[in-house]
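Asks: The sequence and its predicted three-dimensional model are supplied below.
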Amino acid sequence: MDALEEAISEVQLREWGDFFAIEPWGSEAAFLRAGVVAATVANAPHRKAGAPPATPADFVPSFGAGAESRDDGLDPKRIRAELFGAFGGRIKRAAKNGEV
């Protein structure tokens, strides 16, 4: 913290904090952007009627205290089935020689 205080003023640090609040950067922001894409795919028209819509937070990993005990209700088999359904029930895999 001493090095930071030597490098920039308190006002600049506050401005950087304000800017981060408006336009976050780093891995947390990247996870959230990826979560938006994942939630969009999960909420595609193939979603079962009455199923609650997925949110970006459903796909953002949780780090820190309590992360391992978190029960978010996400079932990998259900998610796989929904993604599989999004591609019409078929996922074309590339051949070992690189041909599709």
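Replies: The structure has been received and is ready for your questions.
Asks: What are the contacting residues of the strand or helix carrying Ala39?
Replies: Ala39 belongs to helix 27-42 when assigned by DSSP states H and E. With CB atoms under 8 Å, 6 or more residues apart in numbering as the test, helix 27-42 has contacts from 24, 53-61, 79, 82-83, 86. All C-beta spots, glycine's among them, are computed from the backbone N, C-alpha and C.
Asks: gap between the residue most central in space within the chain and Phe20?
Replies: Nearest to the mean C-alpha position of the chain, by CA atoms, centre = their mean, lies Gly35 at 2.6 Å. As defined by CB to CB, to the nearest Å, Gly35 lies at a distance of 19 Å from Phe20.
Asks: what's next to the host helix or strand of Asp18, contact-wise?
Replies: Taking DSSP H and E as the definition, one finds Asp18 inside helix 10-22. With CB under 8 Å, 6+ apart as the test, helix 10-22 has contacts from Leu4, Ile8.
Asks: Could you export that helix as CSV, CA atoms only?
Replies: Only the C-alpha atoms of helix 10-22 are listed here, as CSV (Å, rounded to 0.1, in the frame of the first residue of the first chain):
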residue,chain,number,x,y,z
GLU,A,10,-5.5,9.9,-2.8
VAL,A,11,-7.7,11.8,-5.3
GLN,A,12,-6.4,9.7,-8.2
LEU,A,13,-7.0,6.5,-6.2
ARG,A,14,-10.6,7.5,-5.5
GLU,A,15,-11.1,8.4,-9.2
TRP,A,16,-9.8,4.9,-10.2
GLY,A,17,-12.2,3.4,-7.7
ASP,A,18,-15.1,5.4,-9.2
PHE,A,19,-14.0,4.3,-12.7
PHE,A,20,-13.9,0.7,-11.6
ALA,A,21,-17.4,0.9,-10.3
ILE,A,22,-18.6,2.1,-13.7
